[in-house]
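>>> turn this into a structure:
(one chain, ligands or ions: 1)
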Amino acid sequence: MTLQWWQKEIGYQIYPRSFKDTNNDGLGDLPGIIAKLPYLQHLGIGFICLAPIYPSPNIDNGYDVSDFTAIADSYGTMVDFELLLAELHKKQMHLVMDLVINHTSDQHQWFQQARSSRNNPYHDYYIWRDAKNGVPNNWQSILGGSAWEYNAATDEYYLHLYTKHQPDLNWENPQVRNEIKKIITFWTNKGVDGFHLACAIYIKKLQTFANVDNMDDAYRDVDGIEVFLDELTATFHKLNVAVIGGAMNLAPAHAQKWFGNHGYFDLMFQFEHTALWQDTQRSQLSIPALKQILVRWQNTFVKYGWNALFTENHDLPRSVSIYGSDRHYWLESAKCLAACYFLMRGTPFIYQGQELGMTNAHFNNINEFRDAETIAIYHQKIAAGMQPNEALAYIDRYSRDNARTPMQWNHTSKAGFTQGQPWININTNAAAINVTDQLNDESSIFNFYRTLIHLRKQHPVLINGAFRLIDTNEPSVYAYYRWNAAECFIVVANLSHKTAEFSFPEQFNHDLKRLVLGNYVFHSEFMVAYEKNLLLQPYEVAIYQMMPAAKYTL
Ligand code: CA
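Modelled structure (predicted):
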């Protein structure tokens, strides 16, 4: 199979507001991204994914778009955007943009017109129901509460699956579908290489608008969505762009419809593994559960589709603080987690700062948080009887603001992010965890990622070779092998803070194992051994190349 650029290359997810500020207003911007492209190239990144940079009232973190074909002032101008694209392409890199197709902001011109009168030509761009019998049905928004909001000017309710400031578009209206096509074409004509589609699974609504017992029946993957998706896919194919599916909550059994050669999208972010630690009853991550999820998705996408491999994004706390140990085994666990997910089958994505092992922020006060959802959760917990310090401890661990503290470029007081007042506090550990120091340190997390990227480029088996889990008796050990007709690699990781034993499967016992990368120095690099058993240190990871290389037809 011929590999596409989005399969071969490594993705880097940028949260522009917190990446690099060039005009010292405390907000990251597009010129900041341009300035840091050489850094990303040095790391080995092939494409960047931008969180929304469109004009937005920012009720939902930029996912409430008020103009789909413009750049928000705080990020720069369309000229800056074009320059960013030109610089990326000059470096043989690609750009993927977030595309929000389920709804708009209520400040969007379409909605401003639509809500003014039932006779307005834009009225039918949204979903309305007459108000005379009260709330139209029992549909609940994804965030909780009724999905309907009253509009006095037309004496109607409009549908919103997210906040009331994000009215849902009426995809039944061909003009709406045409508008979306125009938006996609607009950006593709500028040279954008791919799109990340949030919430595409919701674009079709149950047309009877009847009460439902299960909200999925009302608006999730509803029969008939295929018609809209076929149209959308035809547009993407014609323009030859990559399409990433996100926020789908898809079961593996339904993945075939959506992905692969006969599906709608090219690759998918699945969030099952990141949901594991949101279970607050669990003080410790369940590693067997994690393994089960990862392996299920590896197996799901063997025949079709392609995994987007990741552990972090701008909606999640920092992985080294959640899956790893940011106090006692910071360096070891950051590297261990990196190797674990990076060498599975799929395209690895790095979220900004992850390559440095950036940690959770450890907020001291509710006033230090910026995310409206986090602040709402804090007040809900207190209303439910939790003590303020307990509620603070909860959000301190789980808030997505942990991922949004500014990128730590150097050890100065503003971490090289800005010379102004940053929009959110900089993590106090920037003096210890920053780009400048790690670039100069061969054993840094940055350089470990760089080596992983290099390894994956050198050995195609690590891109599209087969994947198989190695069964072990130790619940904390995650081990797998990747193989094709030419090569075989074994990745062994101990995801706990205790030592753990590992035995190679018998079929490998008599073979030479060349340690190509590890995170404990006493395994000297390039060591070749006939080892059968390993005693793994806390958060130890070891990557072995099997020799001779080509005998595995397992
Ligand atoms: Ca700025």
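>>> residue boundaries of the strands in the stretch 101-250 of the chain?
128-130, 148-151, 156-159, 194-198, 242-246 (DSSP state E, counting those that start in this stretch).
>>> which one of these lies closest to T77?
In this view, those are compared for proximity to T77 by Cβ to Cβ, and strand 194-198 is the closest at 21.4 Å. From N, CA and C alone the C-beta is placed, and that goes for glycine too.
>>> interface residues of this structure facing the ion?
Counting by Cβ under 5 Å from the ion, the residues of the chain close to the ion are D21, N23, D25, L27, D29.
>>> any weak-confidence spans in the stretch 401-550 of the chain?
Segments of the stretch 401-550 of the chain classed as low confidence (criterion: pLDDT under 70) are 521-528, 548-550.
>>> tell me the contacts of the residue of it found nearest the ion?
At 7.2 Å from the ion, T418 is the closest residue in the stretch 401-550 of the chain, using Cβ to the ion. With contacts defined as Cβ atoms under 8 Å, 6 or more residues apart in numbering, T418 is in contact with D21, N24, D25, G26, P406.
>>> can you report phi and psi for the fourth one?
For G26, the backbone dihedrals (degrees, to the nearest 10) come out as phi 90, psi 0.
>>> neighbours of it, how many?
Neighbour count of G26, defined by other Cβ atoms under 10 Å: 18.
>>> and if you look at the second one?
By other Cβ under 10 Å, 12 other residues sit near N24.
>>> and the longest helix for this structure?
Across the chain, the helix with the greatest residue count (assigned by DSSP state H) is helix 174-190.
>>> which one is I543 nearest to, not counting chain neighbours?
Closest residue in space to I543, ignoring its immediate chain neighbours: L517 at 4.5 Å, by Cβ to Cβ, 6 or more residues apart in numbering.
>>> checking the one you found next. Helix, strand or coil?
Assigned state for L517: strand (three-state reduction, DSSP: H, G, I helix; E, B strand; the rest coil).
>>> which other helices and strands does the helix or strand where F467 lies contact?
Using DSSP states H and E, F467 sits in strand 466-469. Using 3 or more Cβ pairs under 8 Å, 6 or more residues apart in numbering; DSSP states H and E as the contact criterion, the elements in contact with strand 466-469 are helix 287-300, strand 477-483.
>>> just put these in JSON lines and tack on mean neighbour count and distance to R318.
What follows is those, written out as JSON lines (neighbours: other Cβ atoms under 10 Å; distance: least, Cβ to Cβ, whole Å):
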{"stretch": "helix 287-300", "mean neighbour count": "18", "distance to R318": "17"}
{"stretch": "strand 477-483", "mean neighbour count": "23", "distance to R318": "19"}
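>>> any weak-confidence spans in the stretch 101-250 of the chain?
In the prediction, the stretch 101-250 of the chain carries residues with pLDDT under 70 at positions 247.
>>> before we move on, back to that, and the helices and strands packed on strand 466-469 as JSON lines, adding distance to G353?
Listed next are those as JSON lines, based on distance: least, Cβ to Cβ, whole Å:
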{"stretch": "helix 287-300", "distance to G353": "22"}
{"stretch": "strand 477-483", "distance to G353": "24"}
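>>> mind listing what's buried in stretch 258-268?
By 16 or more other Cβ atoms under 10 Å, the buried positions in stretch 258-268 come out as W258, F259, G260, G263, Y264, F265, D266, L267, M268.
>>> kindly report the same for stretch 485-503.
Neighbour-count burial for stretch 485-503, with 16+ other Cβ under 10 Å as criterion, is recorded at 487-497, 500, 502-503.
>>> tell me where the stretch 401-550 of the chain has strands.
Taking DSSP E, counting those that start in this stretch, the strands of the stretch 401-550 of the chain run over residues 466-469, 477-483, 488-494, 500-503, 512-518, 528-529, 533-536, 541-547.
>>> and the residue nearest the centre of the chain, what pLDDT?
By Cα atoms, centre = their mean, the mean C-alpha position of the chain lies nearest to N313, the distance being 4.3 Å. Model confidence at N313, given as pLDDT, is 95.
>>> just confirm it is within a helix.
No: applying three-state DSSP, one finds N313 to be coil, outside a helix.
>>> so what's it closest to, chain neighbours aside?
Of all residues beyond its chain neighbours, the one nearest N313 is Y351 (5.1 Å), with distances taken as Cβ to Cβ, 6+ apart.
>>> N365 now?
Closest residue in space to N365, ignoring its immediate chain neighbours: L392 at 7.7 Å, by Cβ to Cβ, 6+ apart.
>>> and for T274?
Spatial nearest neighbour of T274, excluding adjacent residues (Cβ to Cβ, 6+ apart): L316 at 5.5 Å.
>>> hang on, the one you found packs against S399?
No: under the criterion of Cβ atoms under 8 Å, L316 makes no contact with S399, lying 9.9 Å away.
>>> most distant residue from the middle of this protein?
For the chain, the C-alpha lying farthest from the average C-alpha position belongs to K132; by Cα atoms, centre = their mean, that distance is 42.6 Å.
>>> which residues touch that residue?
Applying Cβ under 8 Å, 6+ apart, one finds that K132 lies in contact with D155.
>>> okay, now N170: neighbour count?
Quick note: N170 (other Cβ under 10 Å) scores 20 neighbours.
>>> residues in contact with it?
Contacts were defined as Cβ under 8 Å, 6+ apart; by that measure N170 touches D124, Y125, Y126, I127, V176.
>>> take those residues and lay them out in a markdown table including neighbour count.
Output for the contacts of N170, formatted as a markdown table (neighbours: other Cβ atoms under 10 Å):
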| residue | neighbour count |
| --- | --- |
| D124 | 15 |
| Y125 | 21 |
| Y126 | 25 |
| I127 | 24 |
| V176 | 20 |
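>>> including distance to D98, could those residues go into JSON lines?
What follows is the contacts of N170, written out as JSON lines (distance: Cβ to Cβ, whole Å):
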{"residue": "D124", "distance to D98": "26"}
{"residue": "Y125", "distance to D98": "21"}
{"residue": "Y126", "distance to D98": "21"}
{"residue": "I127", "distance to D98": "23"}
{"residue": "V176", "distance to D98": "19"}
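>>> tell me the secondary structure at L285.
When states are read from three-state DSSP, the local structure at L285 comes out as coil.
>>> go ahead and confirm it touches G324.
No: applying Cβ under 8 Å, one finds L285 not in contact with G324, separated by 9.4 Å.
>>> these two: who's more crowded?
For L285 against G324, the residue with the higher neighbour count under other Cβ under 10 Å is G324, and the figures read 27 against 16.
>>> so how far is N313 from the more buried one?
G324 sits 17 Å away from N313 when distances are taken as Cβ to Cβ, to the nearest Å.
>>> which single residue in the stretch 51-200 of the chain comes nearest to the ion?
Among the residues of the stretch 51-200 of the chain, S74 lies closest to the ion, at 6.3 Å counting by Cβ to the ion.
>>> ok, now which ones touch that residue?
Residues touching S74, when contacts are defined by Cβ under 8 Å, 6+ apart, comprise R17, D25, L27, D29.
>>> swap the cut-off to 10 Å and go again
Applying Cβ atoms under 10 Å, 6 or more residues apart in numbering to S74 gives the contacts 16-17, 21, 23, 25-30, 53, 55-56, 58, 423.
>>> ok, the closest residue to I375 other than its chain neighbours to the ion distance?
If the residues on either side of it in the chain are set aside, I375 comes closest to F369, at 5.6 Å by Cβ to Cβ, 6+ apart. In this view, F369 and the ion are 21 Å apart by Cβ to the ion, to the nearest Å.
>>> what's around the spatially closest residue to I201 that is not a sequence neighbour, how many residues?
In space, not counting the residues next to it along the chain, I201 is nearest to M248; the distance is 4.8 Å by Cβ to Cβ, 6+ apart. Taking other Cβ under 10 Å as the criterion, the count of residues near M248 is 23.
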